[in-house]
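Enquirer: Model the structure of this input:
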Amino acid sequence: MKHVYAISLPGYHKGSKPDCEYIGKLLDDTIKAHFMSQHIAIRALSLQDHPDKSTDDLITIISETGTDKYDPARKMSVAHDFYTDKGVEIFATPVKVTDDLRLMNEVLKDFYEGALGDRGYSLKIDLLVIYDFDQLVTIPIRYDDGVGKEAFKFKDPDKKSNTLRGFIKII
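Expert: Here you go, the predicted model:
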């Protein structure tokens, strides 16, 4: 199993608006502490999307399979067919980890505010899955406001778990 790191964020709860700047900085610092100078892709997950699983269940599944797509019948919650037709296997945020990393504030906002707009409810991030960016293939997705670079497929679909660099549990 890959390294599992944990960060305690006692003020961060499902259903309450997070202090994205403060929590984002704590998460950025955790990422820097464990993945400095690495080119990675960060996939944030919410247990709300996996209601019958614990964080540890997800870590076990992802460690074995490389992805949280453990149920082939389960669809992506937003625009499943659109992304599946393009070959998207995961969404993650690519980043080169440096001292200047300022990323998680925006990811937290997207989970809180973006999900509210897309789904009608906000999400709490419970797990960060860290992938080796060089083991992924970017699938550029054209949107009205530009080209997205957060959609990926695995370079070696038979060895997805080898793409993992670690996990950060939010407790």
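
Enquirer: For the spatially most central residue of the chain, what is the enclosing helix or strand?
Expert: Centre of the chain computed as the mean C-alpha position; nearest residue by CA atoms, centre = their mean is Arg43, 1.6 Å away. Taking DSSP states H and E as the definition, Arg43 sits inside strand 39-45.

Enquirer: so what strands line up beside that strand?
Expert: Pairing partners of strand 39-45, with direction, according to DSSP bridges: strand 93-96 (antiparallel), strand 127-132 (antiparallel).

Enquirer: Go through those and pick out the most buried.
Expert: Highest mean neighbour count of the strands paired with strand 39-45: strand 127-132, a mean of 22 (counted as mean count of other CB atoms under 10 Å). For every residue, glycine as well, the C-beta is placed using N, CA and C.

Enquirer: about what we covered before: as JSON lines, the strands paired with strand 39-45 with distance to Ile7 would be great.
Expert: Shown next, in JSON lines, are the strands paired with strand 39-45 (distance: least, CB to CB, whole Å):
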{"stretch": "strand 93-96", "distance to Ile7": "17"}
{"stretch": "strand 127-132", "distance to Ile7": "9"}
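
Enquirer: what about stretch 4-13, distance to the chain center?
Expert: Centroid separation for stretch 4-13 versus its chain: 15 Å, with CA atoms, centre = their mean, to the nearest Å.

Enquirer: List the buried residues for that stretch?
Expert: Residues of stretch 4-13 classed as buried: 7, 9, 12 (neighbour count, 16 or more other CB atoms under 10 Å).

Enquirer: and which of those residues is nearest Lys96?
Expert: Ile7 (21.1 Å; CB to CB).

Enquirer: and that closest one, backbone torsions?
Expert: Here is the backbone geometry of Ile7 (degrees, to the nearest 10): phi -130, psi 130.

Enquirer: Would you confirm that Lys25 contacts Leu108?
Expert: No - the pair Lys25 / Leu108 is not scored as a contact, 10.4 Å apart, by CB atoms under 8 Å.

Enquirer: More neighbours: which of those two?
Expert: Set Lys25 next to Leu108 and count neighbours by other CB atoms under 10 Å: Leu108 wins out with 25 against 15.
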